[in-house]
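K.L.:
sequence plus predicted model, see below.
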Amino acid sequence: MTKRDDAALFGNRFLTVPAPSETFPEEGMAATDAMRLVDVDLAMEGDPQRNLATFVTTWMEPEAQRLIAENLHRNFIDHAEYPISAEIEQRCVRMLADLFHAPGRTTGCRTQGSSEAIMLGALSLKWKWRERRQAAGLSIDRPNLVFGGDVHVVWEKFCRYFDVEPRIVPLAEDKYTIGPEDVEPHLDENTIGVVAVLGTTFTGHKDDVVGIDKLLRDVREKRDLDIPIHVDGASGAFVWPFLYPDSKWDFRLEQVRSINVSGHKYGLVYPGIGWLVFREEADLAKDLVFYENYLGKTDATFTLNFSTGASMVLAQYYNFVRLGRQGYTYVMKAMQENARALADNLRSSGRFEVIGSDLEQLPLVAFRLAGEHAYDESDIAWQLSAERGWMVPAYTLPPNAERVKILRALAKETLSREQIDRLTQDIADACRTLDDKGATHSIERTQVKRGTGY
């Protein structure tokens, strides 16, 4: 029997042969072999249960997983062939508009994630500004967009890709969000909009949307400048309605014209799914909408992507009807309760300062070392990863708060109270190891992923 026959009978040939990586393979392999090859590679990755860095959903119910698996073949953009998928998307948009207190009939769409939703929402800000300027016979040469250093990098990408001047409000030590006093100096006739963040990736807090809205209403009255707000609710727009229902940040505020949210974060759906919702239909720039006769049906689209699966749209709708307001509130409060337990544990250890846990915040804990130590937060992140496999990011804050380094742990839906207590103990053990050995080597630090990310 040949070696190849032995491999077919007793095992997989990739056990003794390098996996294809540089050139397109000449031959294929059995389906089971291919599946195991990929599985073996993935086994070397981190455990999603211990990934407290990512905001992205890492678990869904078996019924949702079945719904996803059974609909992977559906191309969402083919509305003529899959009209129910398109209708379900619009059901989700209408439900979100209701959740965000839209005053009447509106519009919106699903996107691949908040990054696409932000690009579309910001493009609409730019083109609506351009419409107003052209109608008044004014120049459209120098659009600018105002946002704080607490935004995700996608906002700077938008400005670079679409030729808009970014007016970035710097942060400061002990000031990790922005308000009206920060925004006002940057406003002028070329400002296409102001971005307010609901649940920053850095500390989980929100910008002062109420104060910024009041400022912009005053500017409209006194300077005849109608400057809208786009709320980047990538994380927070699925949290605030359930944890802080009386907190105004959404379409209850007059200048809030559009909102994005990530379904694959606290919407509790696997990646990738995001949503863009406008206050009114008129807030969507008409030039963004394309009408095309495709496969026998005229469709109106205004997304950046074309072909994409319908599964995550259906999974989002599943969550909406499965959980409702009552269920989402329960899940968010459970995560918040565990976040507070972790914050209490860290605070009572005497080693850490917890940042802003007395404010409205995502269900997470942002914390940093208290006092002087021979090691810093990055060392703790490395030690936790090396000793117990926890993925807890350590990072510096944006300018002008870059001297502040913090750790951030998300209290995910899958993190139990027992795991909270275990994490607390593992952090304490990591610190004791560092007390004995000192800071980790710079080479060790580079092996830890520390991005805050979407």
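P.N.:
Okay, I see it. Numbers count the residues shown, from 1 in each chain.

K.L.:
remind me what the helix ranked longest in the chain packs against, helices and strands.
P.N.:
In the chain, assigned by DSSP state H, the helix with the most residues is helix 311-348. Here helix 311-348 touches helix 62-70, helix 83-99, strand 108-111, helix 240-243, strand 352-354, strand 364-369, helix 417-437, going by 3 or more CB pairs under 8 Å, 6 or more residues apart in numbering; DSSP states H and E. C-beta here means a position set from N, CA and C on the backbone, and glycine is covered the same way.

K.L.:
contacts for the fourth one next, please.
P.N.:
Contacting residues not belonging to helix 240-243 are listed as 99-100, 198-199, 206, 233, 247, 249-250, 325, 328-329, 332-333, 336, 360, 363 [CB atoms under 8 Å, 6 or more residues apart in numbering].

K.L.:
and for F238, the neighbour number?
P.N.:
For F238, the neighbour count with other CB atoms under 10 Å is 27.

K.L.:
what pLDDT is listed against the nearest residue to it once chain neighbours are set aside?
P.N.:
In space, and not counting its chain neighbours, F238 is closest to Y266: 3.7 Å by CB to CB, 6 or more residues apart in numbering. Note for Y266: predicted pLDDT of 98.

K.L.:
one more: the one 4 residues further on?
P.N.:
Reading off the per-residue confidence, Y270 sits at a pLDDT of 97.

K.L.:
start the count at 26 instead of 1 going forward.
P.N.:
Done: numbering now begins at 26, and the last item shifts to Y295.

K.L.:
which SS state does the spatially closest residue to it that is not a sequence neighbour fall under?
P.N.:
Once flanking residues are discounted, Y295 sits nearest to T82: 5.5 Å by CB to CB, 6+ apart. Here T82 is recorded as coil under DSSP: H, G, I helix; E, B strand; the rest coil.

K.L.:
now P424: how far from I193?
P.N.:
8 Å (CB to CB, to the nearest Å).

K.L.:
can you check which residues contact both of the two?
P.N.:
By CB under 8 Å, 6+ apart, P424 and I193 have these common neighbours: G174.

K.L.:
between these two, who's got more neighbours?
P.N.:
Neighbour totals were compared for P424 and I193, and I193 leads with 19 against 12 (other CB under 10 Å).

K.L.:
what strand or helix carries that one?
P.N.:
I193 is part of strand 190-194 when elements are defined by DSSP states H and E.

K.L.:
if we can go back for a sec, contact partners for the residue nearest to Y295?
P.N.:
H289, K290, G292, L293, V294, Y295, P296, E438.

K.L.:
now these: which count as buried?
P.N.:
Buried residues within the contacts of T82, counting neighbours by 16 or more other CB atoms under 10 Å: H289, K290, G292, L293, V294, Y295, P296, E438.

K.L.:
which SS class is the closest residue to the first one other than its chain neighbours?
P.N.:
Closest residue in space to H289, ignoring its immediate chain neighbours: P296 at 4.3 Å, by CB to CB, 6+ apart. Reduced to three states with three-state DSSP, the structure at P296 is coil.

K.L.:
got the contact list for P296?
P.N.:
Applying CB under 8 Å, 6+ apart, the residues near P296 are V81, T82, G138, H289, M337.

K.L.:
cool, and G133?
P.N.:
By CB under 8 Å, 6+ apart, the residues touching G133 are V118, L121, A122, W300, L301, V302, F303.

K.L.:
ok, and the closest non-adjacent residue to the third one?
P.N.:
Looking back up the chat, that one is A122. The nearest residue in space to A122 (CB to CB, 6+ apart) is T131, at 4.8 Å.

K.L.:
the one you found: neighbour count?
P.N.:
For T131, using other CB under 10 Å, the count is 22.

K.L.:
any idea how far it is from D308?
P.N.:
T131 is 8 Å from D308, by CB to CB.

K.L.:
same question, Y291
P.N.:
From Y291 to D308 the distance is 24 Å (CB to CB).

K.L.:
shaky segments in the stretch 376-479 of the chain?
P.N.:
For the stretch 376-479 of the chain, residues meeting the criterion pLDDT under 70 lie at 469-479.

K.L.:
mind running it again at 90?
P.N.:
The model of the stretch 376-479 of the chain has pLDDT under 90 over residues 462-479.

K.L.:
picking that back up, name the residues of the strand holding I193 that are buried.
P.N.:
For strand 190-194, the buried set under the neighbour-count rule, 16+ other CB under 10 Å, comprises P191, R192, I193, V194.

K.L.:
which residues of this protein fall in strands?
P.N.:
Shown for the chain, the strands assigned by DSSP state E span residues 133-136, 169-173, 190-194, 216-222, 254-257, 281-287, 299-303, 315-319, 322-326, 377-379, 389-394, 419-421, 430-435.

K.L.:
now those strands as CSV including distance to E95?
P.N.:
Below are these laid out as CSV (distance: least, CB to CB, whole Å):
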stretch, distance to E95
strand 133-136, 19
strand 169-173, 41
strand 190-194, 43
strand 216-222, 37
strand 254-257, 33
strand 281-287, 24
strand 299-303, 23
strand 315-319, 25
strand 322-326, 24
strand 377-379, 44
strand 389-394, 34
strand 419-421, 39
strand 430-435, 30
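
K.L.:
P253 contacts R282, correct?
P.N.:
Yes - under the criterion of CB atoms under 8 Å, P253 makes contact with R282 at 3.9 Å.

K.L.:
who touches both of these two?
P.N.:
By CB under 8 Å, 6+ apart, the residues touching both P253 and R282 are L150, G218, D308.

K.L.:
show me what contacts the last one?
P.N.:
It stands for D308. Counting by CB under 8 Å, 6+ apart, D308 makes contact with T131, S149, K153, P253, R282, S283.

K.L.:
who wins for most neighbours among those residues?
P.N.:
Ranking those using other CB under 10 Å puts S283 first, with 28 neighbours.

K.L.:
partner residues bridging it?
P.N.:
H255, F303 (DSSP bridges).
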